[in-house]
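Undergrad: Sequence first, then the predicted structure:
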Amino acid sequence: EVQLVESGGGLVQAGGSLRLSCAASEFTFHYYDIGWFRHAPGKGREGVSCSSSSNGSTYYADSVKGRFTISRDNAKNTLYLQMNSLKREDTAVYYCGLCRRDGDEYEYDQWGQGTQVTVSI
């Protein structure tokens, strides 16, 4: 059974930074595309980023492009999301999950419990 545990969320002022981590276990981490999505109150789920296992390519939603950076350490079975220049609209619960491209969108499966990110003005 895939296990994913997110951490690193918190309260930060607008313009600040946070680094999220996702510790993975019970599956062969480096074989899988894995990424982040978020869910804000009153909004639908939004795919944020996806890291390819095969060629190192990355996907970012337009809303975070240039501000967020996804990275992975296959030796540590850990995924990261460096979030800079945070905006109030980035406030959400962030989840890591196995990602896959579906047309122009990305779908996520097998996510963890999430970590709350709150950006204050």
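TA: Happy to help now that I have it.

Undergrad: hey, let's count contacts and neighbours off CA atoms from now on
TA: Fine.

Undergrad: Quick check: residue 111 touching residue 99?
TA: No. At 9.5 Å, residue 111 does not count as touching residue 99 under the criterion of Cα atoms under 8 Å.

Undergrad: what are the ranges of the strands in the protein?
TA: Secondary structure of the chain (DSSP state E): strands at 3-7, 10-13, 18-25, 34-39, 45-51, 58-60, 68-73, 78-83, 92-102, 105-109, 115-120.

Undergrad: what residue is smack in the middle of the chain?
TA: By Cα atoms, centre = their mean, the chain has its centre lying nearest to residue 36, at 2.2 Å.

Undergrad: give me the beta-bridge partners of that residue?
TA: Beta-bridge pairing for residue 36 (DSSP bridges): residue 49, residue 96.

Undergrad: For residue 121, see how far away it is.
TA: Separation of residue 36 from residue 121 (Cα to Cα, to the nearest Å) stands at 24 Å.

Undergrad: Check residue 34 too.
TA: Taking Cα to Cα, one finds residue 34 at 31 Å from residue 121.

Undergrad: Tell me which of the two has more neighbours.
TA: Neighbours were counted for residue 34 and for residue 121 using other Cα atoms under 10 Å; residue 34 has more, 28 against 8.

Undergrad: excluding its backbone neighbours, what's nearest that one?
TA: In this structure, residue 34 finds its nearest non-sequential neighbour in residue 98, 4.3 Å apart by Cα to Cα, 6 or more residues apart in numbering.

Undergrad: can you count the residues close to the one you found?
TA: 19.

Undergrad: so who does the residue nearest to the centre of the chain touch?
TA: Residues near residue 36 by Cα atoms under 8 Å, 6 or more residues apart in numbering: 47, 48, 49, 50, 81, 94, 95, 96, 97.

Undergrad: Residue 8 too?
TA: By Cα under 8 Å, 6+ apart, the residues touching residue 8 are 18, 19, 20, 21, 115.

Undergrad: what about the closest residue to residue 50 other than its chain neighbours, distance to residue 109?
TA: Closest residue in space to residue 50, ignoring its immediate chain neighbours: residue 35 at 3.9 Å, by Cα to Cα, 6+ apart. For residue 35, the distance to residue 109 equals 10 Å [Cα to Cα].
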